[in-house]
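Undergrad: I would like to see how this sequence folds:
(one chain, ligands or ions: 3)
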Amino acid sequence: MDVLELYRRTGALLQGHFLLRSGLHTPFFLQSAALLQHPLYAEAVGEALGRLFEDERVDFVIGPALGGVVLSFVVAKALGARALFAEKDGQGGMTLRRGLTVNPGDRFLAVEDVVTTGESVRKAIQAAEARGGVLVGVGAIVDRSGGKAAFGVPFRVLLELEVPQYPEEACPLCREELPLEEV
Ligand SMILES: O=P(O)(O)OC[C@H]1O[C@H](OP(=O)(O)OP(=O)(O)O)[C@H](O)[C@@H]1O
Ligand SMILES: O=C(O)c1cc(=O)[nH]c(=O)[nH]1
Ligand SMILES: [Mg+2]
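TA: Ligands and ions are numbered 1, 2, ... in the order given. I've put the predicted structure just below:
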C-alpha cells in the first residue's frame, strides 16, 4: 500500500511551517483525518495495519483520541477485536471513559496515526495498562520519529518517513519568519 500517495491524494500532506504536539516545528504535516474521512481508504489502512499483527491474538485495540479513534476502529474490525480509545484526562495524561473497559489480562494493540515522539500513544498505553491490559504491539500509519520511538514491544508501521523537525530555537522556518500554523 502506497500510504504517502493516499495522504497526497486526499489532500492530507501539508507543506508549510507547523507546530507539532511535541512543540517541535516542521515543514511537513500529515493531516490523517483528511485521509481517514474516506471509509474505503480508512478500511484499507486498517486491514494493512491489522495484517502486521494478525498473529498476536489481540483482545482490543486502543488509540489516543482524536487521531486514534477511527484508526482503532478499522484495525480492530480487521482483527476481530474491540475498538477502544483513550482521551485526554485534563492533567497531561489519558484515560478511558464512556464505559470503555479492560478485562485484566486482555491483550491489546496500541495504534497511532502519526508517531513523532510517541508520547501520545504512550499515554494511551498507560491508560490501558492501568486497567490491567497487556500490551502486545504498537502500530502506526506513519513513523516520523526517525527511528527514535520504541515501546518495548513490536512497533510496526505502514510508512517510515524521514522529515525534518526542529526545536523552536533551531527552526530555520522561524528564521525566515514563515507564519507558524497550528493545525
Ligand atoms: O508522537 P507525538 O509527539 O505524541 O505526536 C503525534 C500525535 O500528535 C497528533 O495528535 P494530536 O495530539 O495533535 O491531536 P489529535 O489526535 O486530537 O488530532 C497525532 O494524531 C499523534 O497522536
Ligand atoms: O507530531 C505531531 O503532532 C503530528 C505530526 C503529523 O505529521 N501529523 C499530525 O497529525 N501530528
Ligand atoms: Mg493524535
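
Undergrad: around ligand 1, which positions in this structure sit nearby?
TA: 21-22, 64, 66-67, 112-120 (CB under 6 Å from any ligand atom). The C-beta positions use only the backbone N, C-alpha and C, and glycine is treated the same way.

Undergrad: of those residues, buried ones?
TA: 64, 67, 112-118, 120 (16 or more other CB atoms under 10 Å).

Undergrad: okay, who's weakest in these by pLDDT?
TA: Among these, residue 67 has the lowest pLDDT, at 91.

Undergrad: the nearest residue to that residue once chain neighbours are set aside: which element?
TA: With sequence-adjacent residues excluded and distances taken as CB to CB, 6 or more residues apart in numbering, residue 67 is closest to residue 113, at 4.1 Å. Secondary structure assignment for residue 113, by DSSP states H and E: strand 107-115.

Undergrad: what do you get for residue 78?
TA: Going by DSSP H and E, residue 78 is in helix 67-79.

Undergrad: which neighbouring elements make contact with that helix?
TA: With contacts taken as 3 or more CB pairs under 8 Å, 6 or more residues apart in numbering; DSSP states H and E, helix 67-79 sits against helix 32-36, helix 39-51, strand 60-64, strand 82-88, strand 107-115, helix 119-130.

Undergrad: 10 Å instead?
TA: Helix 67-79 is packed against helix 32-36, helix 39-51, strand 60-64, strand 82-88, strand 107-115, helix 119-130, strand 134-143, with contacts defined by 3 or more CB pairs under 10 Å, 6 or more residues apart in numbering; DSSP states H and E.
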